[in-house]
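Peer 1: pasting the sequence and the predicted coordinates here, then a few questions.
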Amino acid sequence: MKRPSLTVWILIALVAGIAFGAVFPAPAKEFGLLGTIFLRLIKSIIAPLIFATLVVGIAGTGSIKTMGRIGGKAILYFEIVTTLALVIGLGAANLIQPGSGVALQPGANPGLATTGTGLQQTVEHTFPTSIIDAMARGEVLQIVVFSFLFGTACAAIPAKSRSVVDFCQALSDVMFRYTNYVMLFAPLGVFGAMAATIGDKGLGVLLNLGKLVLTLYATQMFFIVVVLGTVTAIARIPLRRFIRWVREPFLIAYSTASSEAALPLALENMQTFGVPKHIAAFVLPTGYSFNLDGSTLYLSLASMFVAQAAGIHLSWGTQITMMLTLMLTSKGVAAVPRASLVILAGTLATFNLPVEGVALLLGVDALMDMARTSVNLLGNCLATAVVARWEGVDFPATDAEPATAATTAV
């Protein structure tokens, strides 16, 4: 008999975790340790893996101009897609009115700072003062910036940097094997995370504020099918192969509500899919700060939900201004603890909406975080494929054929 794949084991663990948390809520909370251990192991992979793969990829191109072109294309794609996500979130909120009839209790303290992350803070936070400090704190974007400059320096002096690049290649290979070992623990980690969440919140978390949760899930699905589906067709990405290589990272992101948990496997799978190493290693981590499709959609929807729950009517002009504000502030979302809720609190304060509305969302935030995190991951995986296609990579229809890259960009 064919042995079950990792995807099957993760799905089994997901269902088993929900069932165990519902039936045995008290002991289920203790199983959160499994999820914590899994996430800690994953975080140990990210810094060395991104550094090694990005340095090898950039040094391998031997062209600073090439990486600049790839970066420009990635940022342009990020802006277009995240803007569409914001528009869809606002449209869904106005159409479905999920906040109507919800009684917003004044005075509820969400326990979050009300100041968002401005453009200046976001740009400043992008650049590391110490790569060791950035790696210790898991600052993905800072690691990307340092690795980009380091790899560029290696490309500028290829003869002298050969030993450094060879070391990074060996480190990359070792970290991918290390990732394979850690992923064997993924089903247990998923089981523990889900059991602890359901044990702590109860199955009631699936029912409270159900209209908002259903609206978010339906809107995220619409975004995946319509927007990302259209992008896939335009860029001529082989859909079946793409789904095959993205499904396991997607399930891990959904079940753990952690982008970091899915990043190493997503990076490896997109390279197997046919995305060149230097593109995958640059676009995928960068997208974690600039291409958060699920989070930006959620932020526009949640902001309107709070306004509706408070009985406050926002004009179309105010909604457009709020969308433009979210377009900027959401770019720093990856660098902020409890990121989406903090950015949401800052946005509510900016537009004189009751910050207490965030407290309404805390009960179901774990369930919504799973949706927005998995869509973030899916959007970033697709971004790597689109940029690669834009650079002339021809993806095969099946895994039997090797992927080829054009010598010049399309």
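Peer 2: Yep, it's here. Residues are numbered from 1 along each chain as shown.
Peer 1: I figured residue 309 hits residue 97, correct?
Peer 2: No - taking contacts as C-beta atoms under 8 Å, residue 309 lies outside contact range of residue 97: 10.2 Å. Where C-beta positions appear, they are placed from N, C-alpha and C, glycine not excepted.
Peer 1: and those two? Which one has more around it.
Peer 2: Between residue 309 and residue 97, counting by other C-beta atoms under 10 Å, residue 309 is the more crowded of the two (24 against 14).
Peer 1: and the pLDDT for that one?
Peer 2: pLDDT recorded at residue 309 is 81.
Peer 1: distance of it relative to residue 320?
Peer 2: With distances taken as C-beta to C-beta, to the nearest Å, residue 309 is found 21 Å from residue 320.
Peer 1: with residue 287 instead?
Peer 2: Counting by C-beta to C-beta - residue 287 and residue 320 are separated by 25 Å.
Peer 1: residue 225: neighbour count?
Peer 2: 10.
Peer 1: next up, the contacts around it.
Peer 2: Taking C-beta atoms under 8 Å, 6 or more residues apart in numbering, we find residue 225 in contact with no residue.
Peer 1: check the secondary structure at it for me.
Peer 2: Per DSSP: H, G, I helix; E, B strand; the rest coil, the local secondary structure of residue 225 is helix.
Peer 1: begin at 53, not 1, for the rest of this chat.
Peer 2: In the new numbering, first residue 53, that becomes residue 277.
Peer 1: separation between it and residue 285?
Peer 2: Distance, residue 277 to residue 285, by C-beta to C-beta: 11 Å.
Peer 1: do residue 141 as well
Peer 2: Residue 141 sits 23 Å away from residue 285, going by C-beta to C-beta.
Peer 1: of these two, who's got more company?
Peer 2: More crowded of residue 141 and residue 285, by other C-beta under 10 Å: residue 141, with 28 against 10.
Peer 1: quick check: closest non-adjacent residue to that one.
Peer 2: Nearest non-adjacent residue to residue 141, counting by C-beta to C-beta, 6 or more residues apart in numbering: residue 352, 3.3 Å away.
Peer 1: the helix or strand hosting the one you found packs against which elements?
Peer 2: Per DSSP states H and E: residue 352 is located in helix 345-361. Counting contacts by 3 or more C-beta pairs under 8 Å, 6 or more residues apart in numbering; DSSP states H and E, helix 345-361 is packed against helix 116-148, helix 262-274, helix 368-381, helix 391-402, helix 409-414, helix 417-442.
Peer 1: so what's residue 101 up against?
Peer 2: 224, 227, 228, 231, 316, 319.
Peer 1: quick one: these as TSV, columns for neighbour count, pLDDT and distance to residue 299 too.
Peer 2: Formatted as TSV, those follow (neighbours: other C-beta atoms under 10 Å; pLDDT from 0 to 100; distance: C-beta to C-beta, whole Å):
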residue	neighbour count	pLDDT	distance to residue 299
224	24	84	24
227	23	86	22
228	18	82	19
231	19	82	17
316	27	86	16
319	29	89	15
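Peer 1: would you list these in CSV and tack on secondary structure and distance to residue 398?
Peer 2: Formatted as CSV, these follow (DSSP: H, G, I helix; E, B strand; the rest coil; distance: C-beta to C-beta, whole Å):
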residue, secondary structure, distance to residue 398
224, helix, 38
227, helix, 36
228, helix, 38
231, helix, 35
316, helix, 31
319, helix, 31
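Peer 1: and which of these is nearest to residue 77?
Peer 2: residue 316 (31.8 Å; C-beta to C-beta).
Peer 1: where's the closest one relative to residue 235, distance?
Peer 2: Counting by C-beta to C-beta, the gap from residue 316 to residue 235 is 8 Å.
Peer 1: with residue 403 instead?
Peer 2: To residue 235, residue 403 is 43 Å away according to C-beta to C-beta.
Peer 1: between these two, which is the more surrounded one?
Peer 2: Taking other C-beta under 10 Å, residue 403 and residue 235 do not tie; residue 235 has more neighbours (21 against 16).
Peer 1: tell me if I'm right that that one and residue 318 touch.
Peer 2: No - shown here, residue 235 and residue 318 do not form a contact pair, counting by C-beta under 8 Å, at 11.5 Å.
Peer 1: where in this protein is the helix or strand with the lowest mean pLDDT?
Peer 2: Lowest mean confidence among the helices and strands of the chain (mean pLDDT, DSSP states H and E): strand 456-457, at a mean of 40.
Peer 1: list the contacts of residue 349.
Peer 2: By C-beta under 8 Å, 6+ apart, the residues touching residue 349 are 137, 138, 140, 141, 268, 271, 272, 275, 424, 427.
Peer 1: again, only using 10 Å
Peer 2: Listed by C-beta atoms under 10 Å, 6 or more residues apart in numbering, the contact set of residue 349 reads 134, 136-142, 144, 268, 271-272, 274-275, 279, 382, 423-424, 427-428, 431.
Peer 1: hang on, the earlier thing: overlap in contacts of residue 235 and residue 318?
Peer 2: Common neighbours of residue 235 and residue 318 (C-beta under 10 Å, 6+ apart) are 300, 304.
Peer 1: contacting residues around stretch 71-90?
Peer 2: Residues contacting stretch 71-90 (C-beta under 10 Å, 6+ apart): 65, 69-70, 234-235, 237-255, 258, 304, 307-310, 313.
Peer 1: and of the contacts of residue 101, the nearest to residue 378?
Peer 2: Proximity of the contacts of residue 101 to residue 378 (C-beta to C-beta) peaks at residue 319, which lies at 27.7 Å.
Peer 1: still on that earlier bit, of residue 339 and residue 372, who's got more company?
Peer 2: It is residue 339, of residue 339 and residue 372, that has more neighbours when counted by other C-beta under 10 Å, with 28 against 14.
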